[in-house]
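K.L.:
quick check, what structure comes out for this input:
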Amino acid sequence: MMVCMADMEHLDCTARERQLRERPLCRFCMEWGHVTRAAVVARGDDGRTLVSLCAECHADPLDPRHPAYGRGR
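P.N.:
Here you go, the predicted model:
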């Protein structure tokens, strides 16, 4: 069972749970050919779209140590 906590963006828990259920993989990792379970739901660039992300992509999507850049897992 997933515990959902509201964040500063005030996205309700139901929307987060639905997003992770429908899109359980990290969007950024998938674009780079990696399969990583999403842990965070963030708002997209337009401020309305929901995006499923792994904790690493959410914390620092441009970190050169991230697996999307060829290093790591």
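
K.L.:
could you use CA atoms for every contact and neighbour count after this?
P.N.:
Noted.

K.L.:
residues of the biggest helix by length in the chain that come out buried?
P.N.:
Of all segments of type helix in the chain, defined using DSSP state H, the longest is helix 13-22. If you call a residue buried by 16 or more other C-alpha atoms under 10 Å, then helix 13-22 has these buried ones: 16-17, 19-20.

K.L.:
give me the residue ranges of this structure where confidence is low.
P.N.:
Within the chain, the segments meeting pLDDT under 70 span 1-12, 61-73.

K.L.:
let's see that with 50 instead.
P.N.:
1-9, 71-73 (pLDDT under 50).

K.L.:
now do the helices in it.
P.N.:
Using DSSP H, the helices of the chain run over 13-22, 27-31, 55-59.

K.L.:
who wins for proximity to Val41 among those helices?
P.N.:
The closest of the helices of the chain to Val41 is helix 13-22. By C-alpha to C-alpha, the value is 6.0 Å.

K.L.:
can I get that closest one in CSV, CA atoms only?
P.N.:
Below are the C-alpha coordinates for helix 13-22, written out as CSV (Å, rounded to 0.1, in the frame of the first residue of the first chain):
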residue,chain,number,x,y,z
CYS,A,13,-3.3,11.9,-3.3
THR,A,14,-5.8,10.3,-5.6
ALA,A,15,-4.1,12.0,-8.7
ARG,A,16,-0.7,10.8,-7.5
GLU,A,17,-1.8,7.3,-6.9
ARG,A,18,-3.6,7.1,-10.2
GLN,A,19,-0.5,8.5,-12.1
LEU,A,20,1.8,6.0,-10.5
ARG,A,21,-0.6,3.1,-11.2
GLU,A,22,-1.1,4.1,-14.8
